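1. Provided below are the primary sequence and the corresponding predicted coordinates.
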Amino acid sequence: MQAKRFGLASLGLCIVLALHVVDEALTDFLPFYNPMVERLRERFGFWPMPTFEFVPWITGLTVAVVVLLALTPFALRGARWMRPLAYVFGVIMLLNGLGHSLGSLYLGRLLPGVYTSPLLLVGSIYLLAKAVQFPASRE
């Protein structure tokens, strides 16, 4: 039963990520993001985040979502190696959701992708909680 909950938490966060990608694409994320990265590079001399063009960005995110969805059956079966992946996925999505939410508060306006950021927060926290509870006893 815990494997099923863990797998469903993973599936849920994958679906939320897909919705978040659509949210970002429809609310012009890249015209906000790319200039921000450039300003941070100018200010600090180095910034670890890349800039993107739309087609490679949307293609990369689509491939990532498809790969993550393809891993869901392993989580549902209780594959031991899925647990560390779930931690990485959960933490990255938690930071993503926080970035959109806190960035909107800091700048005093709704940033692209903010509409689905609460779902990212809830989904990532739920996946992390299920990963902690999951004994990962098989495969």
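-> It's in.

2. Low-confidence regions, the chain specifically.
-> Counting by pLDDT under 70, the low-confidence segments of the chain come to 135-139.

3. what about the helices in it?
-> In the chain, helices defined by DSSP state H lie at 2-26, 29-44, 54-77, 82-107, 117-133, listed in chain order.

4. could I get these as a markdown table with mean neighbour count?
-> Where C-beta positions appear, they are placed from N, C-alpha and C, glycine not excepted. Putting those into a markdown table (neighbours: other C-beta atoms under 10 Å) gives the following:
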| stretch | mean neighbour count |
| --- | --- |
| helix 2-26 | 20 |
| helix 29-44 | 14 |
| helix 54-77 | 15 |
| helix 82-107 | 17 |
| helix 117-133 | 19 |
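
5. Spatially central residue for the chain, please.
-> Residue closest to the average C-alpha location in the chain (C-alpha atoms, centre = their mean): Met93, at 3.2 Å.

6. tell me the contacts of the nearest residue to that residue once chain neighbours are set aside?
-> On the basis of C-beta to C-beta, 6 or more residues apart in numbering, the spatially nearest residue to Met93 that is not a chain neighbour turns out to be Ser124, at 4.0 Å. For Ser124, the contacting residues are Leu13, Phe89, Gly90, Val91, Met93, Leu94, Gly97, by C-beta atoms under 8 Å, 6 or more residues apart in numbering.

7. Among those residues, which pair sits farthest apart?
-> Using C-beta to C-beta, the two most remote members of the contacts of Ser124 are Phe89 and Gly97, lying 12.5 Å apart.
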